[in-house]
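1. Pasting the sequence and the predicted coordinates here, then a few questions.
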Amino acid sequence: MARVYNFSAGPAVLPEEVLEKCAGEMLDYAGCGTSVMEMSHRSSVFKGIIEGAEARLRSLMSIPDNYKVIFTQGGDSLLFSTVFMNLATNGKADYVITGNWAKKAFQEAQILGDAQAVASSADKNFSYIPDCSDLPIREDASYLYICENNTIYGTKFPELPNTKGHVLVADQSSMFLSEPVDVSRYGLIHAGVQKNVGPAGVQIVIVREDLIPDDLPGVPTMLRLKTQADAGSLYNTPNCWGIYVCGLVFEWIERMGGLAAMGERNAEKAAVLYDFLDESKLFSSTVDPSCRSLMNVPFVTGNEDLDAVFVKDAAKAGLVNLKGHRSVGGMRASIYNAMPREGVEALVAFMKEFELAHRA
């Protein structure tokens with residue numbers, strides 16, 4: 001069967017050359033006679049894999065020396081709790097609620113301590129990013145938390161909030177490595193790799209060293225950032241295969257020109273779809289133009305039955321996983337790094353044909 005254009009929000013499309021390399025090394029990695037799936041995480045071979053992956057990530061993002069990089073497991077949903085347990089040193093933190101994942105992070109923090117929402121875009125179904133230039137952040141809040149790109153609703157912070165001197169924590173899952181970022185502006189960045197970097201089962205945490213507590217009485221060992229930071233992400237058996245694939249994707253991004261080139265490529269690619277949506281008489285964007293995501297593009301026809309027909313017909317044309325999230329409906333095209341421009345152009349061409357056939 002021929003490859004389709006996969007617009008899934010995650011697990012998502014990976015670069016074909018990375019998949020081909022994985023296939024070629026499936027049975028025998030680098031002449032060692034075993035698959036990465038089979039080798040000990042304590043072996044010198046895997047140590048080279050994980051250390052190489054971290055080195056490439058540090059280079060790509062220009063991560064300062066005083067930041068730790070941790071490859072972990074448990075999903076970003078577990079990190080919602082982990083972040084609060086480790087960084088909310090006085091049990092207080094403030095949150096900007098711009099979608100489901102920020103809301104879930106906030107709810108987990110509320111279970112554990114004093115979490116306050118200082119801004120929200122729920123009033124318009126999370127279709128915009130609220131003004132974050134003068135947030136009522138509490139003076140004693142340990143950090144300000146944002147989900148910088150919203151996978152479900154297709155929004156992205158056009159600029160980082162004014163934290164008023166507080167630590168900024170960002171969930172970057174669906175925008176991770178899609179453009180340059182200044183890591184020094186954040187206290188902690190976390191990302192599930194299954195959206196833009198690798199297979200499901202790996203999370204990456206980038207955290208400033210001075211924010212990692214030395215002692216957390218009552219907090220389980222595996223929920224302490226220090227546990228994995230001190231052990232080089234090898235305290236327990238990690239997702240060896242997932243980390244290996246991430247390293248290959250980091251290498252691929254290097255070959256593509258790095259994050260600056262990737263950001264330009266993604267902006268040009270997204271413009272193809274947004275330009276069509278802005279001129280279409282049938283399809284429309286659901287997001288305020290000032291804060292549109294370059295990674296996740298939700299759109300609708302205005303008719304739920306017609307939306308369903310579009311998703312079904314698109315799949316027959318080799319354009320798959322375009323159904324919108326169940327909480328929003330409509331359609332959503334996730335156009336991550338590995339989605340080629342040709343895929344977006346194929347989608348727009350199909351949308352034009354569909355519009356001609358279904359306009360009243």
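-> Looks like it arrived, so ask away.

2. C-alpha from now on. contacts and neighbour counts both.
-> OK.

3. neighbours around the residue lying closest to residue 5 once chain neighbours are set aside, how many?
-> Spatial nearest neighbour of residue 5, excluding adjacent residues (C-alpha to C-alpha, 6 or more residues apart in numbering): residue 319 at 5.0 Å. Residues lying near residue 319 (other C-alpha atoms under 10 Å) number 22.

4. Quick check: residue 319 vs residue 42, distance?
-> Plainly put, residue 319 is 42 Å away from residue 42 if you go by C-alpha to C-alpha, to the nearest Å.

5. what do you get for residue 151?
-> Residue 151 sits 35 Å away from residue 42, going by C-alpha to C-alpha.

6. out of the two, which sits in the more crowded spot?
-> Each of residue 151 and residue 42 has its neighbours counted (other C-alpha under 10 Å); residue 151 has more, 27 against 11.

7. wait, what's in contact with the more buried one?
-> 9, 174, 295, 296 (C-alpha atoms under 8 Å, 6 or more residues apart in numbering).

8. Correct me if wrong: the first one contacts residue 325.
-> No. Under the criterion of C-alpha atoms under 8 Å, residue 9 makes no contact with residue 325, lying 9.0 Å away.

9. Neighbour count: the two, which is higher?
-> Set residue 9 next to residue 325 and count neighbours by other C-alpha under 10 Å: residue 9 wins out with 26 against 15.

10. Which of the three states applies to the more buried one?
-> Using DSSP: H, G, I helix; E, B strand; the rest coil, the secondary structure recorded for residue 9 is coil.

11. For the residue lying closest to it once chain neighbours are set aside, report the pLDDT, please.
-> The spatial neighbour of residue 9 that comes closest, neighbours along the chain excluded (C-alpha to C-alpha, 6+ apart), is residue 334 at 5.3 Å. pLDDT for residue 334: 98.

12. What of the one 3 residues further on?
-> According to the model's per-residue confidence, residue 337 sits at a pLDDT of 97.

13. That one: what secondary structure?
-> coil.

14. gap between it and residue 197?
-> Residue 337 sits 8 Å away from residue 197, going by C-alpha to C-alpha.

15. More neighbours: which of the two?
-> A direct count of neighbours by other C-alpha under 10 Å for residue 337 and residue 197 places residue 197 higher, at 33 against 27.

16. Tell me the secondary structure at that one.
-> coil.

17. measure it to residue 107 for me?
-> Taken as C-alpha to C-alpha, the span from residue 197 to residue 107 is 27 Å.

18. and if you look at residue 134?
-> From residue 134 to residue 107 the distance is 23 Å (C-alpha to C-alpha).

19. and residue 29, how many neighbours does it have?
-> Residue 29, neighbours per other C-alpha under 10 Å, totals 16.

20. doesn't residue 39 make contact with it?
-> No. Look at residue 29 against residue 39 with C-alpha under 8 Å: they stay out of range, at 9.5 Å.

21. who touches both of those two?
-> Common contact partners of residue 29 and residue 39 (C-alpha under 8 Å, 6+ apart): none.

22. Just give the number of residues close to the residue lying closest to residue 102 once chain neighbours are set aside.
-> Excluding its sequence neighbours, the residue lying closest to residue 102 (C-alpha to C-alpha, 6+ apart) is residue 147, at 5.4 Å. Look at residue 147: counted by other C-alpha under 10 Å, it has 28 neighbours.
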